[in-house]
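> coords please:
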Amino acid sequence: MRSEVFNHLLEKLDIHPVLIDVGASGAPPEIWQRIAQLSIYVGFDPDLREIQEMQEVRFYKAIILNEAVTSDKESDEVLFYFTKSPFCSSTLKPDHASLSNYLFSDLFTVERRKKVRATSLDAVIERLSLTGIDWFKTDSQGTDLRLFNSLKFEVRSRVLAVDIEPGLIDAYHGEDLFVDVHKDLTRNGFWLSSLAIGGAVRMRRSTLSEVITLNKGITGDRVEKAVRKSPAWVEARYLRTIEWLVQGNFTKREYVLLWTFGLLDGQIGFALDLAIEYEKIFERDDISEIMKEEPILRLKRSGDSMLFSIAKSLFPVRTKRWLKKFIKRRVSL
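Just a heads-up that it's a prediction; the model follows:
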């Protein structure tokens, strides 16, 4: 997909997407790289052990806040549990009784507890003079849904995409599980665009230790590779529905942004739906033409790639060369 198409539309409408990253350990989501140069990035994480410098990702503006995010708007600090793995640190206490059934339980071992600075999302929006939030990504280890719902309705109702990582098992006391998240988001104008299931080996570490002691040929790594992982959490992406945009009288900005987010996530059909709906509301213009042409071009490329793959296995070299030239001519049209 040609990133310059996004740049053209975003620049034309003077759009700078606001991308919020709660639980910013590691690097910013890879999917944001294609729109980074025009985007405002705000990351949060009180555990900075795995925060990576964003030298390769050049955002229009980037801010990392060494603060926890809380749904309690009256609190300016919270008790934070720093675990063995910084990716498991949370404002919620790990549920060791439940986790003890899984080999990765040691990652949740609490190494220290400390009160850290905390803020609400609404307070940060005001502090940084942000216009709102366009894409909300959260990996808060158990509090994803409550953080999203802590936003004022006028801000929350205009969020166009949500990346969220709720659990399927009780890893923390009182955490927001996927069943709660999915029901709430789909009831409030979102649809599930993608879902990846993460897992862990269901086996107690005490059992592993005994097995290793009695069998010299077995190691922890060998068990991790040999035993099928059980579902433990999900990485889910939700996009706003077109119906929500229509009912909310959204502007061209939101239609173009949601179209961009949809294409970034590979939702070609949804992008075309948005283009058609855009024309119904705002009439046909140069923006709607681009919104239709780009997904159609991607469909043609996808079809040509499939045709070339079939020909590659069926036809002689000379025919393959001819077909490759034919596809190049098609794409350039």
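> specify the residue ranges that define each domain of this protein.
With domains defined by automatic domain parsing, the chain comprises 3-92+114-197+230-240, 243-333.
> need the ones you listed in TSV (columns: distance to residue 99 and mean pLDDT).
Where C-beta positions appear, they are placed from N, C-alpha and C, glycine not excepted. Below are these laid out as TSV (distance: least, CB to CB, whole Å; pLDDT from 0 to 100):
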stretch	distance to residue 99	mean pLDDT
domain 3-92+114-197+230-240	6	90
domain 243-333	32	79
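> deepest in the core, which of those is it.
domain 3-92+114-197+230-240 (a mean of 18; mean count of other CB atoms under 10 Å).
> run the chain-centre distance for that domain.
8 Å (CA atoms, centre = their mean, to the nearest Å).
> again with stretch 291-303
The answer for stretch 291-303 is 24 Å, by CA atoms, centre = their mean.
> CA atoms of the one helix or strand residue 80 maps to as CSV?
If you go by DSSP states H and E, residue 80 is part of strand 77-83. Written as CSV, here are the backbone C-alpha positions of strand 77-83 (Å, rounded to 0.1, in the frame of the first residue of the first chain):
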residue,chain,number,x,y,z
GLU,A,77,-0.7,8.3,42.5
VAL,A,78,-1.4,4.6,42.5
LEU,A,79,0.2,1.5,44.0
PHE,A,80,2.2,-0.2,41.2
TYR,A,81,3.4,-3.8,41.1
PHE,A,82,6.8,-4.1,39.4
THR,A,83,7.1,-7.8,38.3
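> which residues does that strand contact?
Counting by CB atoms under 8 Å, 6 or more residues apart in numbering, strand 77-83 makes contact with 46-47, 68, 70, 72, 89-94, 107-118, all of which sit outside it.
> after it, next one along is what?
Remark: after strand 77-83, the chain's next helix or strand is helix 96-99, criterion DSSP H and E.
> which residues does the helix or strand just after that next one contact?
Following helix 96-99 in sequence order, the next helix or strand is strand 110-119 (DSSP H and E). Residues outside strand 110-119 that contact it (CB under 8 Å, 6+ apart) are 46, 65-70, 72, 75-84, 91, 93-94, 127.
> would you map the strands across this protein?
For the chain, the strands defined by DSSP state E occupy 18-22, 40-44, 61-65, 68-69, 77-83, 110-119, 135-138, 161-164, 190-200, 230-240.
> adding distance to residue 11, write those out as CSV.
As requested, the strands of the chain are arranged in CSV below (distance: least, CB to CB, whole Å):
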stretch, distance to residue 11
strand 18-22, 16
strand 40-44, 15
strand 61-65, 15
strand 68-69, 31
strand 77-83, 40
strand 110-119, 31
strand 135-138, 18
strand 161-164, 20
strand 190-200, 25
strand 230-240, 23
